[in-house]
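Participant: A structural model of the following input is requested.
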Amino acid sequence: MILVKPSFEILAISENPLPLIELAGRTCYKSEDKITPKSAMAFVDMVTRRGHHSVIEHAFATVKIICDRGVTHEIVRHRLCSFSQESTRYCNYKGGVTFVIPPWVNLKPCEVQQIDKFPNTTCQADWNWLKAIHMAEGEYVHLLTLNWSPQQARSVLPNSTKTEIVITANVREWRHIFTLRCSKAAHPQMREVMIPLHKEMKSIIPVIFDDIEY
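Facilitator: Numbers count the residues shown, from 1 in each chain. Next comes the predicted model:
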């Protein structure tokens, strides 16, 4: 059994997203003659503040997220995205299941060989979570030895099971995702991923994500 923390990696972003958005936007008004080497940021800031968000759809970003399956159940509700997710139907975890540590569980990433030799935690709830996922892993592997297929044995795996998902969306949809999923009302595990992702995306693509607060 392996315990990990959630993480993300930005795989791709539109090349020169701000100039691309400016060119698309100015096409509407045939004002391409106003494009200069430094005009894109001001133009994109203007259309974003005015709510002309259809223009920013021309730029996109692709992100790979490692999280638990409970988080991806919420992520895939964003319909204007393309998703490719690790499949528990076809992936065989007989060598050991990986689980994601929730932010409220005070355990560090590690590999657990034997739970009875795992360092004791002072929190009873943390220990109960660890025992529950250890039991789930044991039953999953046992079912595989009884000739159940991975797609059958997965029925005993909990939401804490690690999964990987690649998401591609235009930046308007990323704005929507960050607005919902970084807010205080969002699930703590969702915020654990989305807030640092928003900060990194904001550092790469200026202006578009600057007004999103949480």
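Participant: Counting neighbours, what do you get for Val47?
Facilitator: For Val47, the count of nearby residues is 21 (other Cβ atoms under 10 Å). (C-beta placed from N, C-alpha, C; glycine too.)
Participant: same thing with Thr62?
Facilitator: 17.
Participant: Over to Cys81?
Facilitator: Neighbours around Cys81, by other Cβ under 10 Å: 21.
Participant: if I pick the residue nearest to it when sequence neighbours are not counted, what's in contact with it?
Facilitator: In this structure, Cys81 finds its nearest non-sequential neighbour in Ala169, 4.2 Å apart by Cβ to Cβ, 6 or more residues apart in numbering. With contacts defined as Cβ atoms under 8 Å, 6 or more residues apart in numbering, Ala169 is in contact with Phe60, Ala61, His78, Leu80, Cys81, Ser82, Ile177.
Participant: Which ones among those lie within strands?
Facilitator: Phe60, Ala61, Ser82 (DSSP state E).
Participant: Which residue lies nearest the spatial centre of this protein?
Facilitator: Ile65 (4.0 Å; Cα atoms, centre = their mean).
Participant: give the contact list for that residue.
Facilitator: Counting by Cβ under 8 Å, 6+ apart, Ile65 has contacts Pro6, Ser7, Phe8, Val71, Thr72, Ile75, Glu164, Ile165, Val166, Ile167, Val193, Leu197.
Participant: Got a PyMOL select line for the buried ones in those?
Facilitator: To isolate the buried members of the contacts of Ile65 in PyMOL, using 16 or more other Cβ atoms under 10 Å:
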select buried, resi 6+8+71+72+75+164+165+166+167+193+197
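Participant: Thr72 against Ser87, yeah?
Facilitator: No. Using Cβ atoms under 8 Å, Thr72 is not in contact with Ser87, being 11.7 Å away.
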